[in-house]
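Enquirer: Give me a 3D structure for the following:
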Amino acid sequence: MNYCKNGYELHQGFFDQNEIKFWQTGASYLKEIPEIVAGPMKYFEKSQLTGDSILNRVEKFCDYLPLLDTLVRGEKIRSLLKDVTGRDYRVFKEKINFKLAGAGGFKPHQDGAAFRSFVNDELVTIIIPIHTADDRNGCFRISKNKFEKKIITHTTGSIEDPGYDVNKDENWQSVPMQPGDILCFSSYLVHQSNDNLSSLDRSCYFITYSPYELGDQREKYFAYKREKFPPRIERDTTKDYESWRQNLAREII
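Expert: Got it, this is the predicted structure:
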């Protein structure tokens, strides 16, 4: 598998059992902690099964969990990114997409379209699954179109080109993963995922890294997001956050 040619690279069994336990314990903790002002950024969505509010994601957690911070910034991952891309990278942003039973999918998009104002270069994101991820619970899906390092036009957070129609399975390649695996993918890679209409959670860390030579952009990014679209516990009732919400590939409360 060639990252530069395909825009992604899967490494199975990358983490040992102790490391898997650390990732899973961190995810469980972040799932259960209450919403805290100026704490980890918790976002919610409406269940596709019940209509209830369910946890969608938690962002900016490294400041509060030193062990996860050490793993995210550690030599093992940085060395992998160097081997895969040929470049040195540093953390740009971190989140867990919990994708609980009933969670919605993501429309076709490129991550790079959202981050050009911060990093006008190729970023790389790693996926670290907490649960088995497959077609039953809405695993990561990659466009079968030829990978190119260019940004495609997005409309309200997604790509509307018929070549990326989510209703045509022939357009997409599923990437099943198990705990211990790691997937590296480019910010130019077109991807999506289906709704999780199963009873099986599909939680994954998504850690995005920016080129080292461009400097540390993480605090700048999260300060901007916290201003434009803060967690619900921090929102100002006199402000309108709809413009940010409309540009998301997944509707978030």
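Enquirer: can you give me the end-to-end distance of stretch 173-192?
Expert: Using CA to CA, to the nearest Å, the end-to-end distance of stretch 173-192 comes to 10 Å.
Enquirer: any idea of the mean pLDDT in that stretch?
Expert: In this model, stretch 173-192 carries a mean pLDDT of 98.
Enquirer: next one: stretch 127-138
Expert: The average pLDDT for stretch 127-138 rounds to 98.
Enquirer: please begin residue numbering at 44 from this point
Expert: Done: numbering now begins at 44, and the last item shifts to stretch 170-181.
Enquirer: Show me which positions of that stretch end up buried.
Expert: Ile170, Ile171, Pro172, Ile173, His174, Thr175, Ala176, Asp177, Asn180, Gly181 (16 or more other CB atoms under 10 Å). Quick note: C-beta positions are derived from backbone N, CA and C, even for glycine.
Enquirer: Show me what the top helix by length along the chain is packed up against.
Expert: For the chain, the helix with the greatest residue count under DSSP state H is helix 60-75. When contacts are defined as 3 or more CB pairs under 8 Å, 6 or more residues apart in numbering; DSSP states H and E, helix 60-75 packs onto strand 96-102, helix 109-116.
Enquirer: Pick out whichever of the buried residues of stretch 170-181 sits closest to Pro254.
Expert: Ile170 (19.5 Å; CB to CB).
Enquirer: you'd agree Lys142 is up against Cys247?
Expert: Yes: using CB atoms under 8 Å, Lys142 is in contact with Cys247, at 7.2 Å.
Enquirer: Settle it for me: which of these two has more neighbours?
Expert: Of the pair Lys142 and Cys247, Lys142 is the one with more neighbours under other CB atoms under 10 Å, namely 30 against 25.
Enquirer: so which helix or strand takes in the spatially most central residue of the chain?
Expert: By CA atoms, centre = their mean, the chain has its centre lying nearest to Phe249, at 3.8 Å. Phe249 belongs to strand 247-254 when assigned by DSSP states H and E.
Enquirer: What mean pLDDT does that strand get?
Expert: 99.
Enquirer: do stretch 269-285 as well
Expert: Stretch 269-285 comes out at a mean pLDDT of 93.
Enquirer: Pull up the distance across it, start to finish.
Expert: Start-to-end, stretch 269-285 (CA to CA) is 14 Å.
Enquirer: For Lys48, which of the helices and strands packed on helix 60-75 is the nearest?
Expert: helix 109-116 (26.8 Å).
Enquirer: can you map out the helices along the stretch 144-293 of the chain?
Expert: 155-158, 261-271, 285-288 (DSSP state H, counting those that start in this stretch).
Enquirer: Not counting its neighbours along the chain, what's nearest Cys182?
Expert: Leaving aside its sequence neighbours, Cys182 sits nearest to Ala176 (CB to CB, 6 or more residues apart in numbering; 4.1 Å).
Enquirer: rewinding a little: show me which of the buried residues of stretch 170-181 is closest to Thr281.
Expert: When these are compared for distance to Thr281 (CB to CB), Gly181 wins out at 36.0 Å.
Enquirer: Quick check: the closest one touching Leu143?
Expert: No: Gly181 is beyond contact range of Leu143, at 10.5 Å (criterion: CB under 8 Å).
Enquirer: Common neighbours of these two, please.
Expert: Both Gly181 and Leu143 are contacted by Asn239, under the criterion CB atoms under 8 Å, 6 or more residues apart in numbering.
Enquirer: partner residues bridging the nearest residue to Leu226 once chain neighbours are set aside?
Expert: Excluding the flanking residues, the one nearest Leu226 by CB to CB, 6+ apart is Ile170, at 4.3 Å. Applying DSSP bridges to Ile170 gives these bridge partners: Leu226, Phe249.
Enquirer: Sounds good, over and out.
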